[in-house]
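*Asks:* This is a predicted model, with the sequence first.
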Amino acid sequence: MICALGSNVAGCWKEMAAGRPGIRRLKAVDPALLRFSNAAEVTGFAPAEHFEPSRLDLLDRFAQFAIVAAREAVRDAGVEFTAALRDSTAVVTGCCLGGQTAEDAEFEILYRQGRNRVHPLTIPRTMANAGASMLSMEFGLRGPAFTLSTACSSSSHAVGLAFQMVRSGAAEMALAGGSEAPFSYGLLKAWEAMRVISTDTCRPFSRDRKGMILGEGAAMLVLEPWEAARARGARIHGEIVGFGMSSDAHHITQPAAEGAALAIAAALRDAGLAPDAIGYINAHGTGTPGNDATETRAIRQVFRAHAGRLAISSTKSLHGHALGAAGALEAAATLLALREGVIPPTANYTERDPECDLDVVPNTARPLRVECALSNSFAFGGLNAVLVFRASPA
Amino acid sequence: MSERVADKVLAALAAVKHVPRESISLDSALADLRVDSLDTITLLFELEEHFHLTLPDDVVRSLRTVRQIVEAIERSLAAPGPAPAATSD
């Protein structure tokens, strides 16, 4: 796990549990050129500490994050890959943009500097599946490997599909998650034009919320059947027990509560759980006026009276909106909340909004043991993915 | 209210919505014209380019009628700062 909060799980969780946002003044691009000036960037990341120079030539920042997060996950899982296991381990990554910092840099050479050649490794650096391919090569994994792209739901879909493959026996093990590195001038101008980026910070569910704060990073999970993990004495962080997907069939950017509710209900059905079995929801919670009110309606629609008893928080207020990495970062945050018995807060919260009237755990983490939790992801384009997690018995 | 600004706003909105200009009036509500968030940002992109100005996101989000768009642009044009010159297109 790597994001604005830290470069490993322990570091990220420490900040999350302390409710300290990783949102700072933008460094990758001069904020004087933009209408917003804050972002949740990974800081203190020195690629040369992680990769040989010849390897680095091939890696956009998003692929670097994917590898760094996956190395931590595989190390933590204590997996010893045999030849047979390598051949039946899947890699599923989510990514919204691919290697667009590399692309932006090379196109700048063409368009602004007026030269007529770009770097010969531009294609392998920028292809969206570079993360999945690099993970397959890094660990010698020869099972099914692919990248899927569903905007802000990408890595929730990735984790969910990997979960289904492991559950069905299509893969013995899976390395799943997502990565993103969106901080290039061209892309930030495009987000600026969308008018959804906050000019100060990310305040999900707060009445004065002004939009999202972009983030970056990666999170990767090692998935295997419960019995297999127990048999080899693995350190189990938690269990994925359900996955639900839906689409809004509504609008290319505006969310619809009905679509989100369909995905939540499908996830609960898949897990075989009643709504009142859920104690915590890691919300999509982008901090835009539209998402947070719509997500609140969707939660109320599915959970009815139980909605008022749920602890709900948006960790995007801490690690920013890391687009294709968001679902994986939030899956990790949800698992950590279950494992530690601590609900990370919705940071930067100032004022109650009658349209977002659920318990959003404002500003301060809450010690609370919860057995089951959801992680919501609702993408631009109306593509929804919801994961259900259960705490590992102590 | 300046006719020049109003004319440009009406023309730009008609173009964004692909409807005859006569079907839109200053008092039209954006919701009635089925102007959604993407139409709004596209319209404002055209108008900001034309008038050489930038309207803050919270102002844009508060716009509900065609007249409010015209008034927001006029306020921005009247604000102190480097004198903006409209392009001729």
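*Replies:* Arrived safely, thanks for sending.
*Asks:* Can you get me a residue count around the residue in chain A that chain B sits nearest to?
*Replies:* Of all residues in chain A, A:Arg195 sits closest to chain B, at 4.6 Å by C-beta to the nearest C-beta. All C-beta atoms are positioned from the backbone trio N, CA, C, and that covers glycine. Residues lying near A:Arg195 (other C-beta atoms under 10 Å in any protein chain shown) number 20.
*Asks:* for chain B, where's the lowest mean pLDDT among helices and strands?
*Replies:* Using mean pLDDT, DSSP states H and E, helix B:57-61 stands out as the lowest-scoring helix or strand of chain B, at a mean of 91.
*Asks:* for chain B, what spans make up the helices?
*Replies:* Taking DSSP state H as the test, the helices found in chain B are B:3-17, B:37-51, B:57-61, B:66-78.
*Asks:* Residue 49: neighbour count?
*Replies:* Here I'm looking at chain A. Counted with other C-beta under 10 Å, residues neighbouring A:Glu49 total 9.
*Asks:* oops, chain B please
*Replies:* When neighbours are counted by other C-beta under 10 Å, B:Glu49 registers 12.
*Asks:* So which residues on chain B come close to chain A?
*Replies:* With C-beta under 8 Å from any C-beta of the partner chain as the criterion, chain B meets chain A at residues B:Asp36, B:Ser37, B:Leu38, B:Ile41, B:Leu44, B:Phe45, B:Thr54, B:Pro56, B:Asp57, B:Asp58, B:Val60, B:Arg61.
*Asks:* Now the first one, what are its backbone angles?
*Replies:* By that I understand B:Asp36. phi -100, psi -170 (degrees, to the nearest 10).
*Asks:* Go ahead and confirm it touches A:His250.
*Replies:* No: counting by C-beta atoms under 8 Å, B:Asp36 does not reach A:His250; the two are 10.8 Å apart.
*Asks:* burial measure for the one residue in chain B that gets nearest to chain A, as a count.
*Replies:* Of all residues in chain B, B:Asp57 sits closest to chain A, at 4.6 Å by C-beta to the nearest C-beta. The number of residues packed near B:Asp57 is 21, by other C-beta under 10 Å.
*Asks:* got it, and A:Ala265?
*Replies:* If you count neighbours by other C-beta under 10 Å, A:Ala265 ends up with 18.
*Asks:* Same question for A:Ala283.
*Replies:* 31.
*Asks:* Can you check the pLDDT for it?
*Replies:* If you check A:Ala283, the pLDDT there is 98.
*Asks:* what's the answer for B:Ala83, then?
*Replies:* pLDDT at B:Ala83 comes out at 48.
*Asks:* try B:Thr87
*Replies:* Per-residue confidence at B:Thr87 stands at 49 (pLDDT).
*Asks:* picking that back up, going through the residues of chain B next to chain A, which ones are buried?
*Replies:* Buried members of the residues of chain B next to chain A, counted by 16 or more other C-beta atoms under 10 Å in any protein chain shown: B:Ser37, B:Ile41, B:Leu44, B:Asp57, B:Val60, B:Arg61.
*Asks:* How about the contacts made by the nearest residue to the last one once chain neighbours are set aside?
*Replies:* Using C-beta to C-beta, 6 or more residues apart in numbering or on different chains and skipping the chain neighbours, the partner closest in space to B:Arg61 is A:Pro289 (6.9 Å). Taking C-beta atoms under 8 Å, 6 or more residues apart in numbering or on different chains as the criterion, A:Pro289 is in contact with A:Arg209, A:Gly211, B:Arg61.
*Asks:* what packs against the longest helix along chain A?
*Replies:* What stands out as the longest helix in chain A, according to DSSP H, is helix A:61-77. Using 3 or more C-beta pairs under 8 Å, 6 or more residues apart in numbering or on different chains; DSSP states H and E as the contact test, the elements touching helix A:61-77 are helix A:100-111, helix A:130-139, strand A:173-180, strand A:217-223.
*Asks:* can we see that at 7 Å?
*Replies:* Under the contact criterion of 3 or more C-beta pairs under 7 Å, 6 or more residues apart in numbering or on different chains; DSSP states H and E, helix A:61-77 touches helix A:130-139, strand A:173-180, strand A:217-223.
*Asks:* of all these, which lies closest to B:Arg67?
*Replies:* Between B:Arg67 and the helices and strands packed on helix A:61-77, the shortest gap by C-beta to C-beta is with strand A:173-180, which sits at 41.2 Å.
*Asks:* Quick one: list the elements packing against the closest one.
*Replies:* Packing partners of strand A:173-180 (3+ C-beta pairs under 7 Å, 6+ apart): helix A:61-77, strand A:89-94, helix A:154-168, strand A:217-223, helix A:326-340.
*Asks:* what's in contact with the helix or strand of chain A with the lowest mean pLDDT?
*Replies:* Using mean pLDDT, DSSP H and E, helix A:53-56 stands out as the lowest-scoring helix or strand of chain A, at a mean of 92. For helix A:53-56, the external contacting residues (C-beta atoms under 7 Å, 6 or more residues apart in numbering or on different chains) are A:Pro47, A:Ala48.
*Asks:* ok, 8 Å please
*Replies:* For helix A:53-56, contacts defined as C-beta under 8 Å, 6+ apart pick out A:Pro47, A:Ala48, A:Gln64.
*Asks:* For those residues, which entry has the maximal number of neighbours?
*Replies:* Neighbours here mean other C-beta under 10 Å. Within the contacts of helix A:53-56, the largest count is held by A:Gln64, at 24 neighbours.
*Asks:* Who are the contact partners of that residue?
*Replies:* Counting by C-beta under 8 Å, 6+ apart, A:Gln64 makes contact with A:Phe45, A:Pro47, A:His50, A:Phe51, A:Leu56, A:Ala181.
*Asks:* and if we set it to 10 Å?
*Replies:* A:2, A:42, A:45, A:47, A:50-51, A:55-56, A:99, A:131, A:134, A:179, A:181, A:218 (C-beta atoms under 10 Å, 6 or more residues apart in numbering or on different chains).
*Asks:* Over to A:Glu224?
*Replies:* A:77, A:79, A:85, A:89, A:166, A:171-174, A:230-232, A:234, A:236.
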